[in-house]
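Asks: coords please:
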Amino acid sequence: MFAKLGLFLVAIVLLSIIWFFVKGKVSRTHEQVRDRALEGGFGRAMTSGPATKQLTMMGRTLTLAADPQRTGELIAHVAGADDRVTAVRPESGALVVEIDGSRPLVRAHLLPDRTVIGVDEMSWEMGFPQGAQVWSRVADAIAESAAKQGISVAEGAREFVKADRPSESQEVWVVRS
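Replies: Numbering: from 1, shown residues only. Take a look at the predicted model:
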C-alpha cells in the first residue's frame with residue numbers, strides 16, 4: 001500500500017514538473033504569435049474598432065457642480081467602493097484615484113465651484129487602453145450617486161496622445177494639452 005502511495009506521489013511530482021515546462025513554452029509561443037499579429041496590419045485591423053471605443057470611454061470626464069468638500073467625499077466614497085480601485089489619495093487641489101495599482105490614473109480637480117474628474121494618464125498594452133471598463137463603471141457610479149444627492153453632473157471628453165517619456169514595458173498615454 002505504501003509503495004502504491006509513494007509511486008502515486010512521484011507520478012504527481014513528475015507530471016507537475018512536465019506541466020510547468022510545457023505551460024511556459026505554450027505561453028511564450030502565444031506571446032510571440034500575439035506580438036506578430038499586432039505588428040502586422042491584421043492585428044491593428046482587429047483591435048482598431050474596440051480600441052477606439054475604449055479610448056472614447058477613457059476620455060470621458062464628469063463635472064460635478066458642488067463645493068469641493070462635498071464632491072471630494074462623494075468621489076472618495078464611491079471610487080473606494082470599487083474592488084479594482086487600489087487607492088484614493090488627496091493631492092494639492094485634487095483627489096487621485098488609482099485603478100489596478102497605477103494606471104489608469106484618474107484625477108479629480110477640486111475647484112471652488114465645481115469638480116472635474118477624468119483620466120489623466122493610462123497605459124496602452126496589447127493594442128488596447130487598459131482599465132476602460134473600470135473607469136466607465138466608476139464614472140457611472142459617481143454620476144448616479146451625485147444625481148441622487150442633487151448634484152448637477154455634466155459630461156465632457158478628453159483626447160490622449162502617446163507620452164514621450166520612456167516606460168519599462170508599456171506605452172503611457174496622457175491628456176492632450
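Asks: Report the outermost residue of the chain with respect to its centre.
Replies: What lies farthest from the middle of the chain is Met1; by Cα atoms, centre = their mean that is 53.2 Å.
Asks: next one: stretch 72-87 to chain centre, how far?
Replies: Offset of stretch 72-87 from its chain centre (Cα atoms, centre = their mean, to the nearest Å): 14 Å.
Asks: same question, stretch 6-22
Replies: Relative to the mean C-alpha coordinate of its chain, stretch 6-22 is positioned 37 Å out (Cα atoms, centre = their mean).
Asks: In this protein, mark out all the helices, start to finish.
Replies: Per DSSP state H, the chain carries helices over the ranges 2-39, 41-58, 68-80, 132-148.
Asks: Flag whichever of those helices has the least confidence on average.
Replies: For the helices of the chain, mean pLDDT drops lowest on helix 41-58, to a mean of 63.
Asks: which residues does the residue nearest to Pro68 when sequence neighbours are not counted contact?
Replies: Residue nearest to Pro68 in three dimensions, not counting chain neighbours: Leu110, with 3.6 Å by Cβ to Cβ, 6 or more residues apart in numbering. (Each C-beta comes from the backbone N, C-alpha and C, glycine too.) The contact partners of Leu110, by Cβ atoms under 8 Å, 6 or more residues apart in numbering, come to 68, 71-72, 93-95.
Asks: quick one: pLDDT of Gly131?
Replies: Gly131 is given a pLDDT of 81.
Asks: Tell me the backbone dihedrals of the nearest residue to it once chain neighbours are set aside, please.
Replies: Distance criterion Cβ to Cβ, 6+ apart; nearest residue to Gly131, sequence neighbours excluded, is Pro104 at 4.2 Å. Pro104 has phi and psi values of phi -70, psi 150 when expressed as degrees, to the nearest 10.
Asks: surely Pro104 meets Trp124?
Replies: No - applying Cβ atoms under 8 Å as the test, Pro104 and Trp124 come out as separate, 10.3 Å apart.
Asks: okay, and the common contacts of these two?
Replies: In contact with both Pro104 and Trp124: Gln130, using Cβ under 8 Å, 6+ apart.
Asks: Would you point out which residue is most central in this protein?
Replies: Most central in the chain (Cα atoms, centre = their mean) works out to Gly131, at 2.1 Å.
Asks: surely that residue meets Val97?
Replies: No - in this structure Gly131 lies outside contact range of Val97 using Cβ under 8 Å: 10.8 Å.
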